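Engineer: build me a model from this:
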Amino acid sequence: MASTPLSGQQNRGSYDPWLDYNEDGIIDVGELRSLGEAYGSSGDVLRNVTIARHTTQYLRAGGTSITIPSQGTWLSDIVTIDGYAKVTVLVWLSSRSSCFVSIHAFGSDDFSWLVETVDPSSESWVKTYDVMNQRMQIEVENLGPSAVTGDVAVYLRA
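Structural biologist: From the prediction side, this is the model:
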């Protein structure tokens, strides 16, 4: 009689991958140990959390079309990249006409620094970076005599 399972123990429930912390396909005492180690901890509930192989985000930093005036500059909104592992910047310009693309990074203290400035060798330019900061901003400078249209996108990967 003592070895007879209680009625609540007979139903094991359905598998929930969010509870399988080590992703071995089994929810067992290993997950309980991880939960026990984290018990009582706290953190920022609004911070972006990504799960490996599960989260990507694609942003059109300037909408579907931007205009960079002659002898002018276009500056994207600040893009939050905290919580992601890789960021890919994609730039397409209607003409290469003396345009430069600059990537700026921002830390939590709003201190910013220039990551790099490139002179695209054609109308399109793509580069992937490891995320080492919390936010970024993209700048396109047109030193040419006429306006240039373009698209700027950011692809974030966990």
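Engineer: residue contacts, the nearest residue to residue 84 once chain neighbours are set aside?
Structural biologist: By the measure of Cβ to Cβ, 6 or more residues apart in numbering, the closest residue to residue 84 outside its immediate chain neighbours is residue 156, 4.3 Å from it. The C-beta positions use only the backbone N, C-alpha and C, and glycine is treated the same way. If you count contacts by Cβ atoms under 8 Å, 6 or more residues apart in numbering, residue 156 has them with 56-59, 81, 84, 86-88.
Engineer: residue 156 and residue 43: what is the separation?
Structural biologist: 21 Å (Cβ to Cβ, to the nearest Å).
Engineer: next one: residue 67
Structural biologist: Residue 67 is 42 Å from residue 43, by Cβ to Cβ.
Engineer: those two - which one has more neighbours?
Structural biologist: Under the neighbour definition other Cβ atoms under 10 Å, residue 67 and residue 43 were set side by side, and residue 67 has more, 13 against 8.
Engineer: list the contacts for that one?
Structural biologist: Shown in contact with residue 67 (Cβ under 8 Å, 6+ apart): 74, 147-149.
Engineer: count of neighbours near residue 128?
Structural biologist: Neighbours of residue 128 using other Cβ under 10 Å come to 11.
Engineer: so what's it up against?
Structural biologist: 86-89.
Engineer: what comes up buried for the lengthiest strand in the chain?
Structural biologist: Ranked by number of residues, the top strand in the chain under DSSP state E is strand 148-157. Going by neighbour count (16 or more other Cβ atoms under 10 Å), the buried part of strand 148-157 is 148, 150-157.
Engineer: and residue 138, what's its pLDDT?
Structural biologist: pLDDT for residue 138: 94.
Engineer: that one: which element?
Structural biologist: strand 135-142 (DSSP states H and E).
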